[in-house]
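J.: The amino acid sequence is not available; the structure is as follows:
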Ligand SMILES: [Zn+2]
Ligand SMILES: [Zn+2]
């Protein structure tokens, strides 16, 4: 827990008990999680508290949001160090059978060239299909 506390502090986030637990939970799972998934694991914590923790994590660059087309935004921990938006762009994979979404952080998008005057702040790169478990 000490280590997580340091990670949160380094991002300017006050390490409250709920925030520490949410971070720990997300770090254990390699999958992207929706608010519902997190809520299901924290039945004693209010949804709004969890949502605010997630929002704060997102604002501070600790997690990134993924729109995988399931209708609910999912969040995954940011694994790469801060940089410009193209540095941290990677593919995501959404399995249409089990509904799981994961970060393919090895599959980075090197550079996206936009027309003059355009500035990217976010991108959602989601590949859909069957994951390794479901394609068997
Ligand atoms: Zn699957
Ligand atoms: Zn990701």
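T.: All right, it came through fine. Not measured: the values here are computed from a predicted model. Ligands and ions are numbered 1, 2, ... in the order given.

J.: Flag every buried residue along the helix or strand of the chain at the bottom of the mean pLDDT ranking.
T.: Counting by mean pLDDT, DSSP states H and E, the chain has its least confident helix or strand at strand 101-108, which shows a mean of 86. Neighbour-count burial for strand 101-108, counted by 16 or more other C-beta atoms under 10 Å, picks out 101, 102, 103. (Each C-beta comes from the backbone N, C-alpha and C, glycine too.)

J.: Rebuild these as a markdown table, extending it with distance to ligand 2.
T.: Below are the buried residues of strand 101-108 laid out as a markdown table (distance: C-beta to the ion, whole Å):
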| residue | distance to ligand 2 |
| --- | --- |
| 101 | 9 |
| 102 | 8 |
| 103 | 3 |
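
J.: Now flag whichever of those is closest to residue 33.
T.: For these, the residue nearest residue 33 by C-beta to C-beta is residue 101; the value is 8.6 Å.

J.: Need the residue closest to the centroid of this protein.
T.: Nearest to the mean C-alpha position of the chain, by C-alpha atoms, centre = their mean, lies residue 76 at 1.8 Å.

J.: got the buried residues for the strand or helix carrying that one?
T.: Using DSSP states H and E, residue 76 sits within strand 74-77. Buried residues in strand 74-77, defined by neighbour count with 16+ other C-beta under 10 Å: 74, 75, 76, 77.

J.: need the contact list for the last one.
T.: With contacts taken as C-beta atoms under 8 Å, 6 or more residues apart in numbering, residue 77 has the following neighbours: 23, 26, 27, 62, 63.
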